[in-house]
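**Q** Got a predicted structure here, sequence first:
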Amino acid sequence: MAKGKMVDGRYMREMAAKVKNWGKWGDDDEIGTLNYVQPDDIVNAATLIRRGKVFSLGMNFDFHGPQSGIRGRVNPVHTMSFTGTDALCGAQDDIKIHFADDYLTMPLQCATHWDALGHIFYKDPDTGKLYMYNGYSPAKVTALAGCTVCGIEKTRDKMVGRGVLLDIPRFRRVDFLHPDEGIDGDEMEACAKAQGIEVRVGDFLLVRTGDLGRRLREGDWGTFDAKDAPGVEFESIEWLVERKVAAIAMDTWGCEVQPNRSVEFVQPWHWLCIPMAGLTMGEMFKLDELADDCAADGRYEFFFAAPPLAITHGTGSPLNPQAIK
């Protein structure tokens, strides 16, 4: 597959103008393309449940995760505050109940997660001014309060509807995609056609590269974390916006292809997906088991539910997404 065009300031400006959704749902909107999901879409998605087969698309949250500490992200730290040993030695006798308790410390984006629309800012190549989705100022994200607009809690009842899987490795007849292998809109369209599925308004689009599954099978994260990876090309954002999908999720650490097709921007697709298009994105979704089932029964659509934790003013949320067929 041909690589996408190199992204310079001019190209960034042109694409930003094409995919910008600011004001589309009002000046005070904070959920972007999730507005496409309507009650009828959810009712219709429920009819896709025929076998009652549930697929968990979330990774385990533990110290075996993919994070290496780059950019301050570490794997979850699970700590016990009360244990069975406490119960056995009599340390809990005075409170007259015996139990185990624990807590979890983790970056919100360290494993399977949604990004909030307050997570990424767009920097105008001409003026240098920074913007959040819908034109909000990054000043709305503070150390004390977090994302006072566009926080993840605003999507707490929005992540339900029709899910569609595009299995790119099977479409290419390979086991998985390698780092630096990109996916553009034309290929996603061709893959959908080959699978006999149509990507519709308000869909939750899951795009498989096979990268996460390969790492889990090999038991070695290698360069998975914030380094070279397969993913969508910069130009794919235009295809996604034209089809009015509600959200996109992938089985990579950052969705877009790495190395970036740019010397001026780091993760240029992020620059447009979140702050300009208002398109919710999910990362590190486990898609291999679902893909195998879709290939077996020929059905690449399903009921999808992936509500975030209602983390007030959070930049994202860990989750355990569910695909039900």
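**A** Ah, there it is. Bear in mind that the values here come from a model prediction, so they are computed numbers and not experimental data.
**Q** element containing the residue minimising distance to the centre of the chain, please.
**A** For the chain, the residue whose C-alpha lies nearest the mean C-alpha position (C-alpha atoms, centre = their mean) is residue 282; its distance is 0.5 Å. Using DSSP states H and E, the secondary-structure element containing residue 282 is strand 280-283.
**Q** outside of that strand, which residues touch it?
**A** Residues lying outside strand 280-283 but in contact with it, judged by C-beta atoms under 8 Å, 6 or more residues apart in numbering, are 31-34, 109, 112-115, 117, 155, 246-250, 252-255, 270, 273-274, 306, 319, 321. (C-beta placed from N, C-alpha, C; glycine too.)
**Q** doesn't residue 78 make contact with residue 101?
**A** No - checked against C-beta atoms under 8 Å, the pair residue 101 and residue 78 is beyond contact range at 11.9 Å.
**Q** so what's the closest residue to residue 275 other than its chain neighbours bridging to?
**A** Nearest residue to residue 275, sequence neighbours excluded (C-beta to C-beta, 6 or more residues apart in numbering): residue 122, at 4.0 Å. Assessed by DSSP bridges, residue 122 has beta-bridge partners residue 131.
**Q** Strands along the stretch 101-250 of the chain, start to end?
**A** Counting by DSSP state E, counting those that start in this stretch, the stretch 101-250 of the chain has strands at residues 101-105, 113-115, 122-123, 130-131, 141-142, 146-147, 160-167, 182-183, 204-208, 231-232, 247-250.
**Q** now those strands in CSV, with mean neighbour count?
**A** Output for the strands of the stretch 101-250 of the chain, formatted as CSV (neighbours: other C-beta atoms under 10 Å):
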stretch, mean neighbour count
strand 101-105, 10
strand 113-115, 28
strand 122-123, 18
strand 130-131, 15
strand 141-142, 16
strand 146-147, 22
strand 160-167, 25
strand 182-183, 24
strand 204-208, 26
strand 231-232, 28
strand 247-250, 27
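**Q** Out of those strands, which is closest to residue 9?
**A** Distances from residue 9 to each of the strands of the stretch 101-250 of the chain were compared by C-beta to C-beta, and the smallest falls on strand 122-123, at 10.2 Å.
**Q** got a list of contacts for that closest one?
**A** The list of residues contacting strand 122-123 from outside it, by C-beta under 8 Å, 6+ apart, reads 16, 129, 130, 131, 132, 271, 272, 275, 276.
**Q** Which members of those are the farthest-apart pair?
**A** Farthest pair in the contacts of strand 122-123, by C-beta to C-beta: 129 and 272, 16.0 Å.
**Q** So for these two, which residue has more residues nearby?
**A** When residue 129 and residue 272 are compared for neighbours, residue 272 comes out ahead with 24 against 11, by other C-beta atoms under 10 Å.
**Q** In this structure the more buried one contacts residue 236, no?
**A** No - contact between residue 272 and residue 236 fails when scored by C-beta under 8 Å: they sit 10.0 Å apart.
**Q** For residue 220, give its distance to residue 313.
**A** The spacing between residue 220 and residue 313, counted by C-beta to C-beta, to the nearest Å, is 36 Å.
**Q** What of residue 123?
**A** On the measure of C-beta to C-beta, residue 123 and residue 313 end up 22 Å apart.
**Q** and the most far-flung residue of the chain relative to its centre, how far is that from residue 80?
**A** For the chain, the residue at maximal distance from the C-alpha centroid (C-alpha atoms, centre = their mean) is residue 94, at 46.4 Å. Residue 94 sits 19 Å away from residue 80, taking C-beta to C-beta as the criterion.
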